[in-house]
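S.K.: Please find the sequence and the predicted model below.
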Amino acid sequence: NIMLPKVSVLFLTYNRAHTLVATYESFIARIDYPRDRLELILCDDASHEFHQAIIRGLAFDVSLCARRNQGLGANTNKGLRAATGDFVLQLQDDWLFVGEPDFLRVAIRALQIHPDIGMIAFRERSNLAVVETREIGGSLFDVLIPDLNEKGEVESVGCGVYTDTPHVKRRNFHDIVGHYAEGIPMTKMELEMNRVVSTRSDMVVAVKRGPEVFRHIGAAHSFNPGVRRERLIQRISAIPG
């Protein structure tokens, strides 16, 4: 255990105790990474007391509960600044862990062997090209190429190599690329992070190939109000007359 690096696990939540419990318990039950080498950090963005009462039943090492809602950027930044691990595994509160118990060991090993990989994601990005595939300990990691426009820019969130879906990164990742923008809509925040990460020449982002590691269970309870609004507009437009 002493030889394994410490990993800070950020659980980002807001008014979704029901999916957070599933995310937390599936992770704790299946992961084979030594518990004393994990730092479990709760980042709550001022959830309602009903949700906080449930959250208090979960055993986090660090609990960061905001007094007022400040958005996903600020909620994530406070967790990153509190993290003391060598690496950070970032999870929003609606991702069920269904992968192999050793996935974290494998991903951390890949980051140790390849210093140019700044971040490893665990969800397929079929819309992006792969510049190369690297094999580490029997696992394959695809290094992604951003889909840039004619001006060499990332036009939309899906075109960049960064993703806010479950991923592990070096603790100094945001010292290099900057922290998340605060006080702006979530989609804009993610786009800005994508633009910065996707245009760096000294850092690449990889995706672990193979069976799914995390399954999304919270699409109906998205952090992003813009997504909910778009779905509502689509449903209304489908109504006859």
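M.R.: Thanks, I have the structure now.
S.K.: Can you list the buried residues in stretch 205-222?
M.R.: 205-208, 213-214, 217-218 (16 or more other Cβ atoms under 10 Å). Just so you know, the C-beta spots here come from the backbone N, C-alpha and C atoms, and that holds for glycine as well.
S.K.: Please apply the same query to stretch 3-12.
M.R.: 4, 7-12.
S.K.: Endpoints of that stretch, how far apart?
M.R.: One end of stretch 3-12 to the other measures 28 Å (Cα to Cα, to the nearest Å).
S.K.: quick one: it to chain centroid distance?
M.R.: 13 Å (Cα atoms, centre = their mean, to the nearest Å).
S.K.: if we can go back for a sec, possible to save the buried residues of stretch 3-12 as CSV with pLDDT, distance to Thr187 and secondary structure?
M.R.: Shown next, in CSV, are the buried residues of stretch 3-12 (pLDDT from 0 to 100; distance: Cβ to Cβ, whole Å; DSSP: H, G, I helix; E, B strand; the rest coil):
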residue, pLDDT, distance to Thr187, secondary structure
Leu4, 94, 36, coil
Val7, 98, 28, strand
Ser8, 98, 26, strand
Val9, 98, 25, strand
Leu10, 98, 20, strand
Phe11, 98, 22, strand
Leu12, 98, 16, strand
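S.K.: quick one: which of these is nearest to Asp86?
M.R.: Of all these, Val7 has the smallest distance to Asp86: 7.1 Å, by Cβ to Cβ.
S.K.: OK, contacts around that closest one?
M.R.: 33, 37-39, 85-89, 104, 108, 168 (Cβ atoms under 8 Å, 6 or more residues apart in numbering).
S.K.: how much space between the most centrally placed residue in the chain and Ala53?
M.R.: With distances taken as Cα atoms, centre = their mean, the residue of the chain nearest its centroid is Pro166 (3.5 Å). Between Pro166 and Ala53 the computed distance is 26 Å (Cβ to Cβ, to the nearest Å).
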